[in-house]
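Asks: what would the 3D arrangement of this be:
(2 chains)
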Amino acid sequence: MSNNSYAIMEQQPSIKGLANTPLVNVVRGAIPGPNAVGIEEHDDVGHLVLRGDATLLASAVTEVLDLAFPDQPLSSCSRDKTCIRWISPDEWLVTVPGTETSSVESSLRDAIVGHVAIVNVSGGQTIVHLTGKHASDVLMKSTSYDVHELNFPTGKVITTTLAQAQVIIRRLDTDQFELVIRRSFADYIWSWLRDAATEFGVNG
Amino acid sequence: MSQSNRIPGGRCVDYGSEINFRFNGRSLKGYKGDTLASALLANEIKIVGRSFKYGRPRGVMSAGSEEPNAILQLGANPASQVPNVRATQQQIFNGLTSRTTNGWPSVDFDVMSLVGLVAGKLMPPGFYYKTLMFPQFLWHTYERIVRRGAGIGIAPTEPDPDRYDKINRHCDLLIIGAGPAGLAAALIASKTSARVILLDEHDEAGGTLLYSNDIIEGLPGIDWVKQITAELNAAANVDLLTRTTAVGYHDQNFIVAHERRTDHLADVAPAGFARQRVHRIRARHVILATGAHERPLVFANNDVPGCMQASAVSAYINGYGVRPGKRLVLMTTNDNAYEAAFDWIESGGESAVVVDIRTSVNSELLKRAATAGIRTLTGSAVFEVKGKRQVKAALVCGLDAERNALIGNDETIPADIIASSGGWSPVVHLSCHTGIKPDWREDIAAFVPGATNQKMLTAGAVSGDFSLSAALRQGASAAATILADCGFDLEDKATTSCQEHTVGMFQPCFHIPHRKPTSRSPAQFVDYQLDVTAAAIELATREGFESIEHVKRYTALGFGTDQGKISNVNGIAIAARSTGRSISETGTTMFRPNYTPVSFGAMAGRDVDELFQPKRYTAMQPWHEQAGALFEDVGQWKRPWYYPQTGESLQDAINRECLAVRSGVGILDASTLGKIDIQGPDAREFLNRIYTNAWMKLGIGKCRYGLMCGEDGMIMDDGVTACLADNHFVMTTTTGGAARVLEWLELWHQTEWPELEVYFNTVTDHWATATLSGPGSRALLAELTDLDLDPTNFPFMDWREAMVADIPARVFRISFTGELSYEINVNANYGLTLWRRLIEVGEKHNLTPYGTETMHALRAEKGFIIVGQDTDGSVTPEDIGMEWAIARRKQFSFIGRRGMAREDCQRQQRKQLVGLLPVNGDVVLPEGSQIVFDKPHQLPAKMVGHVTSSYYSAVLGRSFALALIQGGLGRMDETVQVSIGPDTWETAEITASVFYDPKGEQQHVQ
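Replies: The predicted model follows:
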């Protein structure tokens, strides 16, 4: 489905059940504790990175995704399983249900006029939700960014480091965070989070 | 007798909870809440250590972090050893095992003390330098003996069983110290919405109020503390952290604090709990409310166990319910210290004598003392202590007006505790960490924090005002100022009232004269931990060390783990007097982090063991593990190194894997290669500038090898880039170079060529890559794809989109082995499935998985370089015979063009990449071996190059190597000598760098 300018590729097989998440090889299971932290993967998600000028992207993206475009840096807009995160001056991370990835990519390519990049990175990262009363404590052990609700309210998105790896964090609610982590670092981050949460206990 | 010094009324101990602990092998009892120091004193343990240099017996001196003597070794087993623990800050728990650190063979009989006895005079500062340096060759012998007698504590010999933790905190206001000033500040702040952290190094908040008899808001100080602490704990915006020491104060109000979370509970932390935690606090504002340390006076034999700070006496009586003796002599320069004598008598002490160096003393105070039955001597001083292993008596005498000489007759006053107070030293240490020198204030004879450019205020004793009312007032007002500055509304500005003591004139005094000159009198200790005496400081200044920094280094004053908390001011004062300068002219040495010692475990935090650094895995990792692969570290990646079969050596496995690729088909996980998606109308132009070779004509569906240089013309990375569409490319980089190359592209785009319309995104993790290589790869792939593999339709250096094993894929016909190869790229979520399908179908093709070692051998046979192995940042494309990859006719220049045209890059005798064939084909030259043209007659010989890659080639049946050799390309067929060990040389012949299939027929196979 490539045009001459950009190669757009349907990357999902039509046969189901062939995928493995980046966390296929990790240790799972509960660690008992008084206020266990939930550590849970959300897979089968399509990840598209958009690069470009906000003015080129905003209306086209809204039209394709039927979703408001973030009007402030580090903010996000989401509906159901679709989310747009403004993650760097000229960079947005869009997540959609996995099966829609390449059709959304094509629609965006068709709708946007001008110089932008659209990159499917669905295989390169995954999403982990960190939940519970002590979720923010686990983050405080892991990142120097100030995750207090006054500084990091629901809906805000930041790209920072988690321990020694890169992460995109979005606050979903007072006690709920979404981490977007890179595939090759997934084992490390998973082990780190479980280790840091041990004193509270772990569900997951 | 058990706890014979125990008395009722200790505010910090729970008399109902008895605790059993061990000290130097003895079983002892204390109460919950006791520090190790208070419990030892309760049990009448006088000697808690031997001094560092002279082996003199030493006792507990203080009740806080300033303790110089009671530095103990903790730990019940070899793994849980903790050295450098201040007994004054360590609570006891059941099973606590402690011992003294100095003293050989034992603390009660120490060989070094015999040395100290006779050698006190013989071991002045610089003793080791002056004496043991001659003859020089014997130093190592001396050192063994000296080391045996010295040293503070031992390191654990087994892995630490505990976990440690780090946490990041942010706040509007950080208050360091939860004494009256800190509590008053926190109380105000707690009533706003400001984010507040209050921390204190003690086991509980309260500071001096834990031990004093002050009345606040009509309540005993301790009750007020409990009330405020409860309020603060209930406030959602305040974090109150005890047992947490601010150990470092860095720029921009970044404070590092060290919390001992379970050290008071057990030898090893409860399961799942971090023993200690480092808090990395970023504060908008800081209030320093660190209080002050009481300064003891310097007099002869002032280190005999039983000598302590006056305030410590009160702390042990009121705080811990321990009166450390029966008969007290207390020497003071101020009113405040009288409280210790009152506490002594009120707690049932047999006698107390106050020796006041002042001639004029507040009559109310003297009257109060008389009423309590305390004898007072004014204008007098304790100038010497009698007793060796413990205090027996004080020698007291009158002082002249200048306090430079003794007048009148000596009086011997029996005593078992001699307390002294020379005034208070504000705890300025943290303020100094940011580079601020403290200011000397003559009126209070103390250093106070200097002006700072941090957003920091001081409150309480640290500011130089030692009264309780000032602490409460300054704490509240500092908080109010900061909160207003941050824009918080203050509801409650009410101040806290307290009962004020009248404070008489304070008389600065540091060093009590003796009948004999300082150098002849019994030792007068300034720095207890490092055995620095007044005489040593005077000697240092006489020997020309006049700067206080030099005095410090020559005498070791303040060099101990206590950083001279109670000794520095006395030492500076003595140095000042001895050089005829004022204290402010003499100045102070710098205090540096850490304020108190921090264990290595706490510094490491969770970055240990498996989490020491990230291990990056590809999508195929589970299969590699099942297949028994051994792994090689490539950057942070774990790559399969080789797949040994039962009984195989490394070389056996490599030979088998290599031959399989050359004659059949092998499979390699190439997922770790860096991959960068490049999009935009100017993508092609950008590639043309960043690579040395040409990119304008690369068509859609085509791939090209690219060479990337730095501005200096030296090779920095290489890889294949494919044209996906007119405005769309995907670049591959070396595994280790992925992040660096992406930054390099962004750097040039953002700073030099922002006008080019192009974006770069990493897709390294998104694509998983399985490489089939070998003459059998086409037949295998054909079974799993609908792709037309006919070489005329899918030639070498082309790529195609296709379904492979029912998975959408991009297949690149490129080769790093010199054989027919297909690199199959799929969304990494399907990488493991693809790999397993290839292995499954490959079985009948005898498909052989191979690792990085085989990949390296195969590529080296073909003379393909590895950037960073065959190049080292000083190698140009021409040096490795790759002129063909330099397109000098590009319209726009390319990076490195000018660099590689420099005269030095063009000279004849540069090191050039060539092949080497050892004459003995069984010898694999070690990589890195140095090369000479002829066997040298004498050393050092002139090195002309080195071996960069070296392997045994299964297909050639012999060893071979790549090497960088001076002018090598012009020396074909000549022989060189390769040094492979001392006096061991191997002869090798220079050849072309392609050893196998030089015409490339295998990879171009039709």
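Asks: let me see the ranges of the helices in chain A.
Replies: Counting by DSSP state H, the segments of chain A that form helices are A:54-65, A:101-111, A:135-140, A:186-197.
Asks: and residue 153, what does it touch?
Replies: No chain in the question, so chain A it is. A:Arg171 (CB atoms under 8 Å, 6 or more residues apart in numbering or on different chains). For glycine as for every other residue, the C-beta is placed from the backbone atoms N, C-alpha and C.
Asks: think we crossed wires, I meant chain B
Replies: B:71, B:73, B:83-84, B:101.
Asks: which residues touch stretch B:536-555?
Replies: Residues contacting stretch B:536-555 (CB under 8 Å, 6+ apart): B:124-126, B:518-519, B:526-527, B:530, B:532, B:557-559, B:571-572, B:574-575, B:578-579, B:586-589.
Asks: would you mind writing the CA trace of it as PDB?
Replies: Extracted as PDB, the C-alpha positions of stretch B:536-555 are listed here (Å, rounded to 0.1, in the frame of the first residue of the first chain):
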ATOM      1  CA  ALA B 536      50.800  19.100  67.600                       C
ATOM      2  CA  ILE B 537      49.100  22.100  66.200                       C
ATOM      3  CA  GLU B 538      51.600  24.500  67.800                       C
ATOM      4  CA  LEU B 539      54.400  22.300  66.400                       C
ATOM      5  CA  ALA B 540      52.900  22.400  62.900                       C
ATOM      6  CA  THR B 541      52.800  26.200  63.000                       C
ATOM      7  CA  ARG B 542      56.400  26.300  64.300                       C
ATOM      8  CA  GLU B 543      57.400  24.100  61.400                       C
ATOM      9  CA  GLY B 544      56.000  26.600  59.000                       C
ATOM     10  CA  PHE B 545      52.500  25.300  58.300                       C
ATOM     11  CA  GLU B 546      50.700  28.600  58.800                       C
ATOM     12  CA  SER B 547      47.700  28.200  56.500                       C
ATOM     13  CA  ILE B 548      44.900  26.400  58.300                       C
ATOM     14  CA  GLU B 549      44.600  24.100  55.300                       C
ATOM     15  CA  HIS B 550      48.200  23.100  55.700                       C
ATOM     16  CA  VAL B 551      47.800  22.700  59.500                       C
ATOM     17  CA  LYS B 552      44.900  20.400  58.700                       C
ATOM     18  CA  ARG B 553      46.900  18.300  56.300                       C
ATOM     19  CA  TYR B 554      50.000  18.100  58.400                       C
ATOM     20  CA  THR B 555      48.300  17.200  61.700                       C
END
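Asks: which one of the helices of chain A lies closest to B:Ile407?
Replies: Closest to B:Ile407 of the helices of chain A is helix A:135-140 (CB to CB; 63.7 Å).
Asks: is any residue of the closest one near chain B?
Replies: Yes - residues of helix A:135-140 contacting chain B under CB under 8 Å from any CB of the partner chain: A:137, A:140.
Asks: what packs against that helix?
Replies: Packing partners of helix A:135-140 (3 or more CB pairs under 8 Å, 6 or more residues apart in numbering or on different chains; DSSP states H and E): strand A:37-42, strand A:176-182, helix A:186-197, strand B:163-176.
Asks: just put the ones you listed in JSON lines and tack on mean neighbour count and distance to B:Ser929.
Replies: JSON lines is the format used below for those (neighbours: other CB atoms under 10 Å in any protein chain shown; distance: least, CB to CB, whole Å):
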{"stretch": "strand A:37-42", "mean neighbour count": "19", "distance to B:Ser929": "49"}
{"stretch": "strand A:176-182", "mean neighbour count": "22", "distance to B:Ser929": "39"}
{"stretch": "helix A:186-197", "mean neighbour count": "24", "distance to B:Ser929": "37"}
{"stretch": "strand B:163-176", "mean neighbour count": "24", "distance to B:Ser929": "44"}
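Asks: want to try CSV for the ones you listed, with mean pLDDT as columns?
Replies: CSV is the format used below for those (pLDDT from 0 to 100):
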stretch, mean pLDDT
strand A:37-42, 97
strand A:176-182, 98
helix A:186-197, 98
strand B:163-176, 97
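Asks: and the ones you listed: which comes nearest B:Pro614?
Replies: Of the helices and strands packed on helix A:135-140, nearest to B:Pro614 by CB to CB is helix A:186-197, at 4.0 Å.
Asks: now do the domain split for chain B, please.
Replies: What automatic domain parsing lists as the domains of chain B is B:14-149, B:163-292+B:426-486, B:295-423+B:506-586, B:908-1006.
Asks: and the second one, how far out from the chain's middle?
Replies: Offset of domain B:163-292+B:426-486 from its chain centre (CA atoms, centre = their mean, to the nearest Å): 24 Å.
Asks: the longest strand that chain A contains close to chain B?
Replies: Ranked by number of residues, the top strand in chain A under DSSP state E is strand A:165-173. Yes - if you take CB under 8 Å from any CB as the test, strand A:165-173 does meet chain B, through A:Ala165.
Asks: that strand pairs with which strands, parallel or anti?
Replies: strand A:157-162 (antiparallel), strand A:176-182 (antiparallel) (DSSP bridges).
Asks: on that earlier part again, for the contacts of B:Gly153, which single residue is the most surrounded?
Replies: Of all those, the highest neighbour tally under other CB atoms under 10 Å in any protein chain shown goes to B:Ile71, namely 26 neighbours.
Asks: re earlier: could you dump the domains of chain B to CSV with distance to A:Ile127?
Replies: Shown next, in CSV, are those (distance: least, CB to CB, whole Å):
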stretch, distance to A:Ile127
domain B:14-149, 40
domain B:163-292+B:426-486, 23
domain B:295-423+B:506-586, 48
domain B:908-1006, 41
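Asks: among those domains, which is nearest B:Gly737?
Replies: domain B:908-1006 (17.2 Å).
Asks: give me the mean pLDDT for the closest one.
Replies: Averaged over domain B:908-1006, pLDDT sits at 93.
Asks: what about that domain, distance to the chain center?
Replies: Counting by CA atoms, centre = their mean, domain B:908-1006 comes out at 44 Å from the chain centroid.
Asks: specify the beta-bridge partners of the residue positioned nearest the centre of chain A.
Replies: Nearest residue to the geometric centre of chain A (CA atoms, centre = their mean): A:Val180, 3.7 Å. Counting by DSSP bridges, A:Val180 forms beta bridges with A:Ile127, A:Ile168.
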